[in-house]
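Let me see the structure of the following:
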Amino acid sequence: MPDLSDDELLDALGVEAEPVRVGSHTPQEERIIVGFEDILRFYDKHGHAPWHGEDNDIFERLYAVRLDRLRRLPEAHKLLASMDTHGLLGEPVAEVEPEAEALDDDALLAGLGVDTPHEGDITVLKHVRTIAERRTAEEIANRTPCKEFDQFRPLFERAERELQSGVRKSVRFGQEAGVNVGDFFVLGGQMVYVAEKGEETKTPNGTPDARLRVIYSNGTESDLLMRSLQRALYKDETGRRLTGTAEGPLFGGEMEDGDVESGTIYVLRSLSENSYVAEHRDLIHKIGVTGGKVETRIAHAEHDATYLLAGVEVVATYKLSGINRVKLENVLHRVFAPAQLNLTIQDRFGQPVKPREWFLVPLSAVDEAVDRIRDGSIAGMVYDPKTAALTIA
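Numbers count the residues shown, from 1 in each chain. Model (predicted):
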């Protein structure tokens with residue numbers, strides 16, 4: 001038998017070769033790591049670091065104070081270096097007295113003028129769980145009632161019928177199997193639907209991750225990480241993936257009773273003062289597909305390199321029903337690939353970024369593409385920059 005590395009042996013046994021932190025840190029280091037994980041989750045959800053301000057949510061203010069204190073702790077920079085993929089800590093600043101850096105949430109709340117909760121209050125923050133406990137809780141994920149479940153119910157009913165008729169099949173979930181919007185799974189005896197998926201990031205060990213909105217067949221939902229869902233499905237001996245149905249039209253021309261509005265094509269125009277963007281502002285458009293509200297998606301555009309670090313305006317939207325959003329977005333980006341904007345900007349940390357999903361096309365061409373998707377004639381079409389129109393590839 002050939003000599004195998006530890007990682008290869010672990011892989012052969014189906015064990016993820018992730019760094020084991022449990023028991024390798026002092027209680028103070030555990031608290032620093034767990035506190036920083038809260039800040040990272042906030043960043044992943046909102047697209048920016050937590051900000052100070054009396055008008056902001058108390059937790060955002062708490063995280064902002066906590067981040068300021070972590071930035072002043074040289075030992076925190078060393079401890080959190082592999083986790084700080086967004087560069088939130090920046091350069092170490094002047095060291096302060098240790099007493100001021102206890103990172104105690106009660107002290108932080110008191111500093112914000114918030115009374116410390118009484119013992120037994122559900123908002124008590126001082127009982128910080130270990131990393132292992134936090135990960136376990138993340139995998140289980142707190143579920144809340146899904147207020148829009150009536151919109152998702154037909155999807156579950158249809159998937160159940162397709163499973164019974166053989167259109168879909170139930171297969172064992174693999175350890176590194178992907179998770180995408182529109183996927184159905186069975187976890188803990190319940191059917192699970194992936195309604196939304198945020199932008200993918202990398203974990204400290206380099207594996208892809210993303211924030212998901214997951215709907216359960218019992219009318220609840222949860223906001224959890226893709227890696228957590230993958231681990232839970234893999235560990236559940238009854239965990240299954242439902243195979244997809246045969247490809248059909250991306251969406252119909254009219255919404256029918258029982259259809260679920262599953263997304264929106266949006267077209268944005270940048271308000272950037274970049275000279276090239278300003279000169280071609282009427283032609284430069286960002287084309288994307290979202291399952292949520294467009295307004296929410298662009299709320300902090302000026303802080304996101306994806307949006308050219310500038311505000312944007314919505315110039316067109318197209319409602320969809322019964323479609324696969326990922327496939328639809330791929331179709332749109334394939335069609336307009338010849339006109340993809342070739343522009344590199346610097347992000348907030350001075351790193352060069354080449355934003356995707358921006359194209360040098362007139363709005364009329366997008367309208368035509370959507371019409372052709374509706375009537376099924378988009379196959380083989382591509383945008384020709386010379387004629388500013390769609391043509392046969």
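
Just the element for E30, please.
In the assignment (DSSP states H and E), E30 maps to helix 27-46.

Now do the following helix or strand past that helix: which elements does it pack against?
Past helix 27-46, further along toward the C-terminus, the next helix or strand under DSSP H and E is helix 58-71. Counting by 3 or more Cβ pairs under 8 Å, 6 or more residues apart in numbering; DSSP states H and E, the packing neighbours recorded for helix 58-71 are helix 27-46, helix 105-111. C-beta coordinates here come from the backbone N, C-alpha and C atoms, glycine included.

looking at the ones you listed, which is closest to E148?
Closest to E148 of those, according to Cβ to Cβ: helix 27-46, at 18.7 Å.

Show me how far that closest one is from its chain's centre.
The chain centre lies 17 Å from the centre of helix 27-46; the measure is Cα atoms, centre = their mean, to the nearest Å.

Please identify the helix or strand for R231.
Secondary structure (DSSP H and E) places R231 in helix 226-235.

Give the buried residues for that helix.
Across helix 226-235, burial judged by 16 or more other Cβ atoms under 10 Å covers M226, R227, S228, L229, Q230, R231, A232, L233, Y234.

now swap in stretch 354-363 and tell me
Buried residues in stretch 354-363, defined by neighbour count with 16+ other Cβ under 10 Å: P355, E357, W358, F359, L360, V361.

What is the distance between it and the centre of its chain?
With Cα atoms, centre = their mean, you get 21 Å for stretch 354-363.

same check, this time on stretch 301-311
Centroid displacement of stretch 301-311 relative to its chain, using Cα atoms, centre = their mean, is 17 Å.

next one: stretch 381-393
Relative to its parent chain, stretch 381-393 has a centroid offset of 33 Å by Cα atoms, centre = their mean.

any residues touching it, and which ones?
With contacts defined as Cβ atoms under 8 Å, 6 or more residues apart in numbering, stretch 381-393 is touched by 334-339, 359-362, 365, 368-369, 372, 380.

Just put the buried residues of helix 226-235 in JSON lines and tack on distance to M191 and pLDDT.
Listed next are these as JSON lines, based on distance: Cβ to Cβ, whole Å; pLDDT from 0 to 100:
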{"residue": "M226", "distance to M191": "18", "pLDDT": "88"}
{"residue": "R227", "distance to M191": "21", "pLDDT": "86"}
{"residue": "S228", "distance to M191": "18", "pLDDT": "85"}
{"residue": "L229", "distance to M191": "13", "pLDDT": "88"}
{"residue": "Q230", "distance to M191": "17", "pLDDT": "86"}
{"residue": "R231", "distance to M191": "19", "pLDDT": "84"}
{"residue": "A232", "distance to M191": "14", "pLDDT": "84"}
{"residue": "L233", "distance to M191": "12", "pLDDT": "85"}
{"residue": "Y234", "distance to M191": "17", "pLDDT": "81"}
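
follow-up on the earlier one: report the angle between the helix holding E30 and helix 58-71.
Angle of helix 27-46 versus helix 58-71, following axes from the mean of the first three to the mean of the last three Cα atoms, to 10 degrees, is 130 degrees.

on contacts alone, who are the packing partners of helix 27-46?
Contact here means 3+ Cβ pairs under 8 Å, 6+ apart; on that basis helix 27-46 packs against helix 58-71, helix 74-80, helix 131-140.

And that helix, what's buried?
29-40, 42-44.

Repeat that for stretch 209-229.
Neighbour-count burial for stretch 209-229 flags 209-217, 220-229 (criterion: 16+ other Cβ under 10 Å).

follow-up on the earlier one: out of the helices and strands packed on helix 58-71, which gets the lowest mean score?
In terms of average pLDDT, helix 105-111 trails the rest of the helices and strands packed on helix 58-71, at a mean of 54.

Could I get the full set of strands for the stretch 151-300 of the chain?
Taking DSSP state E, counting those that start in this stretch, the strands of the stretch 151-300 of the chain run over residues 170-172, 184-187, 190-197, 201-202, 208-209, 211-216, 220-225, 240-242, 261-270, 284-290.

Just checking: what are the partner strands of the fifth one?
So that's strand 208-209. Take DSSP bridges as the rule and strand 208-209 pairs in its sheet with strand 201-202 (antiparallel).

Give me the distance between the partner strand and the centre of its chain.
Here the centre of strand 201-202 is set off from its chain's centre by 10 Å, with Cα atoms, centre = their mean.

and what of stretch 172-187?
Relative to the centre of its chain, stretch 172-187 is centred 16 Å away, using Cα atoms, centre = their mean.

show me the contacts for G311.
Contacts for G311 (Cβ under 8 Å, 6+ apart) come out as S270, L271, A301, E302.

How about it, nearest residue that isn't a chain neighbour?
Closest residue to G311 apart from its sequence neighbours, by Cβ to Cβ, 6 or more residues apart in numbering: L271 at 4.3 Å.

what does A195 give?
Spatial nearest neighbour of A195, chain neighbours left out: R213 (4.7 Å); criterion: Cβ to Cβ, 6+ apart.

where's that neighbour relative to R241, distance?
18 Å (Cβ to Cβ, to the nearest Å).

that older thread, got a markdown table for the strands of the stretch 151-300 of the chain, with mean pLDDT and distance to L73 too?
Listed next are those as a markdown table, based on pLDDT from 0 to 100; distance: least, Cβ to Cβ, whole Å:
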| stretch | mean pLDDT | distance to L73 |
| --- | --- | --- |
| strand 170-172 | 81 | 45 |
| strand 184-187 | 89 | 39 |
| strand 190-197 | 90 | 34 |
| strand 201-202 | 82 | 24 |
| strand 208-209 | 85 | 26 |
| strand 211-216 | 92 | 27 |
| strand 220-225 | 88 | 26 |
| strand 240-242 | 86 | 43 |
| strand 261-270 | 83 | 38 |
| strand 284-290 | 91 | 38 |
